[in-house]
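In: Sequence first, then the predicted structure:
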Amino acid sequence: MDVHQATEEYETWLRAETPVLERDLKKKHREMRRHPFGFLRATFYRWAQLFPDVCGSLLRGPQVLSVGDLHVENFGTWRDPEGRLIWGVNDFDEAYWLPMANDLVRLAVSADLAKGIGVDRREIAQSIFSGYHHTLELGGRPYVLSERHVEMRTLAMARLKDPEKYWRKLCGWPEVKGKVPAGARKGIEALMPARDLPLQIVHRQAGLGSLGRERFTAIADWAGGKVAREAKALVPSAWGWAAGGKTPRRRLHAEILDGAVRSPDPFLMLQGRWVIRRLAPDCSRIELGSLPRGQDQRRLLKAMGGETANVHLGSAKAHILLRYVRKLSGSWLERASTEMASAVREDWKSWRR
């Protein structure tokens, strides 16, 4: 099966799972042509087919509740119940039980394919694995950007979005025409700071992996400023589709959030088939390509590896993961990510023809 057939079959399956916005799906197809990094983000269903073939020896590793479609833009900031700025993985739409190597290999491939990267493959792999291994040895450590993680705090604070520009852009999306599904509206209203606020509900096009699914962004004025909440449709992981439709009955999205070593986001919840979250200028990414090439990029990659360990420790003991990774050769991540990056690029070239 090639990437064109895989895309057609996956999207047929997707339409059976959730309403699909065909206009957004066409935009996704166009974005997939632009750059291999965007292609990677948009095609986790294809990764789920390729990884077992290309990296078959890594399937024997410990199974952990994984992010699945991890990549360098799958990390961001939020405020915890104490109002502290937290950094970590912020999208678990494709959560699934997978070999622990999957997240690390995919993260390394995404860094290799991303724009503006001044770190070679060897340094990418070493930085990610160093952070992963060190955090396992600590038994996990949340990225609370206060008295610890000073360098990360500096990087994050410098990239928080300008509120005026942020709200202008968010309010500029087209308003939703038609009825908002009851579950989405209920979840949005439950997370608003007050009841019965007048809502402007817009359709925001964001991300690439989930582009094509329903998404409702509600904006309101409250206590002198704007607030926003968003409902995004959830579907089972594409890995389940690739495995022949084997989708677990348990709510893995909630399970991975509950287990991960982190300070939680109090404005993130599940409501039926919807994931609801807060949108705000302080919910933002530290983009790898925006950093000075060299030390800062390596530092961020190391933190990404550490946060991946925080996620995996929600479903596996540190000593089990450490025992496994210590048996692997020193260059295993570089080799595996090089092979997968090559496979992704070949698919991307085929998609562009």
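Out: Looks like it came in fine.
In: From here on, just use CA atoms for contacts and neighbour counts.
Out: Noted.
In: Could you list the low-pLDDT ranges of the stretch 51-200 of the chain?
Out: 159 (pLDDT under 70).
In: Could you rerun that using 80?
Out: The model of the stretch 51-200 of the chain has pLDDT under 80 over residues 116, 118, 147-148, 150-151, 154-161.
In: same check, this time on the stretch 251-353 of the chain
Out: In the stretch 251-353 of the chain (pLDDT under 80), the answer is 251, 285-295, 329-330.
In: Strands of that one, start to end?
Out: 268-271, 274-279 (DSSP state E, counting those that start in this stretch).
In: Mind listing the strands the longest one pairs with, and their directions?
Out: Next to strand 274-279 in the sheet, as set by DSSP bridges, lie strand 225-233 (antiparallel), strand 268-271 (antiparallel).
In: how about TSV for these, with mean neighbour count and distance to residue 128 added?
Out: Shown next, in TSV, are these (neighbours: other Cα atoms under 10 Å; distance: least, Cα to Cα, whole Å):
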stretch	mean neighbour count	distance to residue 128
strand 225-233	20	30
strand 268-271	19	27
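In: So which of the ones you listed is nearest residue 336?
Out: In terms of Cα to Cα, the element of the strands paired with strand 274-279 nearest to residue 336 is strand 225-233, at 32.4 Å.
In: What helices and strands are in contact with the very next helix or strand once past the closest one?
Out: Downstream of strand 225-233, the next assigned helix or strand under DSSP states H and E is helix 238-242. Counting contacts by 3 or more Cα pairs under 8 Å, 6 or more residues apart in numbering; DSSP states H and E, helix 238-242 is packed against helix 3-17, helix 44-54.
In: Off-centre distance for the longest one?
Out: Mean C-alpha position of helix 3-17 versus that of the full chain (Cα atoms, centre = their mean, to the nearest Å) differs by 21 Å.
In: And stretch 108-116, by the same measure?
Out: 15 Å.
In: for it, which positions count as buried?
Out: Buried residues in stretch 108-116, counting neighbours by 16 or more other Cα atoms under 10 Å, are found at 108-114.
In: With secondary structure as extra columns, can I get those residues in CSV?
Out: Putting these into CSV (DSSP: H, G, I helix; E, B strand; the rest coil) gives the following:
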residue, secondary structure
108, helix
109, helix
110, helix
111, helix
112, helix
113, helix
114, coil
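In: need those residues in TSV with distance to residue 325, can you?
Out: What follows is those, written out as TSV (distance: Cα to Cα, whole Å):
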residue	distance to residue 325
108	16
109	19
110	21
111	21
112	22
113	24
114	26
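In: I'd like the distance between residue 101 and residue 235.
Out: Distance from residue 101 to residue 235, counting by Cα to Cα, to the nearest Å: 23 Å.
In: show me where the stretch 51-200 of the chain has strands.
Out: 63-66, 75-79, 85-89, 96-99, 143-144, 200-202.
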